[in-house]
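**Q** Test case, fold it:
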Amino acid sequence: MNCTEMQRLLHAYLDNELDVVHTIEVEQHLAQCKACSQDYQDYQALRTAISTDAPRFQAPELLQKRIRSALRKESKTPVRLFSRSWLSIVAALACVLLAIWGLTSLRDTFFPANSQANQLVSSHLNSLLANHLVDVPSSDQHTVKPWFDGKLSFSPAVVDLAAQGYPLLGGRLDYINNTEVAAIVYKHRKHIINLFVWPVAQGQGSGMGTETLRGYNLIHWTQGGLNYWAVSDLDLTELQQFATLIQQHAGG
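**A** Numbers count the residues shown, from 1 in each chain. Coordinates of the predicted model:
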């Protein structure tokens with residue numbers, strides 16, 4: 001089973017809808033593929049969050065009584081337009097719509113569809129799943145940095161951190177908010193780090209920040225007129241060490 005087939009069957013596996021043969025194939029693939037295993041864990045985390053943290057709305061006692069009364073009457077008399085039973089049904093539908101709105105708000109809180117951080121995590125995941133980690137595979141900064149020349153309107157800093165335990169794997173072009181960005185790829189033990197770099201927009205603030213989204217850590221800062229975002233499933237402390245090293249070398 002490859003990753004494409006795995007993604008097609010993952011939701012059915014989560015819902016226990018697969019037969020024995022496909023279940024075994026999925027579990028074997030999850031045991032071998034770190035990227036798909038992370039997707040599985042992300043979906044499990046989302047299901048848990050929705051079941052435990054989704055907003056629940058308690059109907060007022062008076063409304064509950066009216067609905068119960070209307071249902072009892074409905075079993076005896078037909079629904080008439082603009083009758084009390086009809087209004088009760090409308091009220092019940094309003095409660096359902098309110099609950100749907102609450103779930104939608106929760107989904108947007110956990111997975112903001114258009115947020116920059118969400119796009120960066122998606123790009124990080126896509127680079128792992130689609131076998132498109134780098135366009136120029138090289139551990140030599142003097143090969144990767146010139147490769148970006150002429151392809152971008154800016155010159156990203158590419159530093160060699162192999163001695164510090166963060167070897168360079170290469171680079172590629174990527175797109176965030178319809179903007180072409182540099183993605184410089186590093187590795188720490190078995191963890192991949194995507195370092196996204198692009199120019200600072202006019203009026204944009206500076207400063208360093210951290211986020212955690214969909215099980216991934218993100219560290220962002222601005223330096224030398226450029227945005228830097230480091231994205232990885234690496235432990236936050238080690239990712240901060242990486243970001244500090246980049247800052248020191250990029251400014252040097």
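**Q** Could you pull up the residues touching the closest residue to V159 other than its chain neighbours?
**A** Closest residue in space to V159, ignoring its immediate chain neighbours: H249 at 3.9 Å, by CB to CB, 6 or more residues apart in numbering. In this view, the C-beta of every residue, glycine as well, is placed from N, C-alpha and C. Shown in contact with H249 (CB atoms under 8 Å, 6 or more residues apart in numbering): A157, V159, L161.
**Q** Ok, P137 next?
**A** Per CB under 8 Å, 6+ apart, neighbours of P137: L169, G170.
**Q** Retrieve the pLDDT associated with it.
**A** On pLDDT, P137 comes in at 93.
**Q** Name whatever forms a beta bridge with it.
**A** When assigned by DSSP bridges, P137 has beta-bridge partners G170.
**Q** Could you do T179 as well?
**A** I176.
**Q** Could you list which of the contacts of H249 belong to helices?
**A** Judged by DSSP state H, helices contain none of the contacts of H249.
**Q** CSV for these, including distance to E61 and neighbour count?
**A** Formatted as CSV, the contacts of H249 follow (distance: CB to CB, whole Å; neighbours: other CB atoms under 10 Å):
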residue, distance to E61, neighbour count
A157, 64, 20
V159, 65, 20
L161, 63, 18
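**Q** Tell me how many other residues surround V20.
**A** 7 (other CB atoms under 10 Å).
**Q** sorry, that was for L218
**A** 23.
**Q** could you list every residue that touches it?
**A** Contacts of L218 (CB under 8 Å, 6+ apart): A117, L120, V121, T210, E211, T212, W229, A230, V231.
**Q** On the three-state scheme, the residue nearest to V159 is what?
**A** Classification of H249 using DSSP: H, G, I helix; E, B strand; the rest coil returns helix.
**Q** and which of the contacts of H249 is nearest to T143?
**A** Ranked by distance to T143 (CB to CB), these are led by V159 at 13.2 Å.
**Q** Now that closest one, what are its backbone angles?
**A** phi -120, psi 150 (degrees, to the nearest 10).
**Q** Please apply the same query to S122.
**A** Dihedral angles (degrees, to the nearest 10) for S122: phi -60, psi -40.
**Q** likewise N16?
**A** phi 60, psi 40.
**Q** Tell me how many other residues surround it.
**A** Neighbourhood size, N16 [other CB under 10 Å]: 7.
**Q** helix/strand/coil for I192?
**A** Here I192 is recorded as strand under three-state DSSP.
**Q** I'd assumed V185 was in contact with it.
**A** Yes. Counting by CB atoms under 8 Å, I192 touches V185, with 6.6 Å between them.
**Q** who touches both of the two?
**A** S127, L133, L169.
**Q** Go through the residues you listed and name the one nearest Y43.
**A** S127 (19.6 Å).
**Q** contacting residues around the closest one?
**A** L133, R172, D174, A183, V185, I192, N194 are the contacts of S127 under CB under 8 Å, 6+ apart.
**Q** List the buried residues of the helix or strand containing it.
**A** Using DSSP states H and E, S127 sits within helix 116-129. By 16 or more other CB atoms under 10 Å, the buried positions in helix 116-129 come out as Q116, A117, N118, Q119, L120, V121, S123, H124, L125, S127, L128, L129.
**Q** roughly how far apart are the third one and A162?
**A** Meaning N118. As judged by CB to CB, to the nearest Å, N118 and A162 stand 31 Å apart.
**Q** can you give me the helices in the protein?
**A** Ranges of helices in the chain, per DSSP H, are 3-14, 20-32, 34-53, 61-74, 84-110, 116-129, 141-148, 236-250.
**Q** for this structure, what helix or strand is lowest in average pLDDT?
**A** Of all the helices and strands that make up the chain, helix 84-110 has the lowest average by mean pLDDT, DSSP states H and E, namely a mean of 55.
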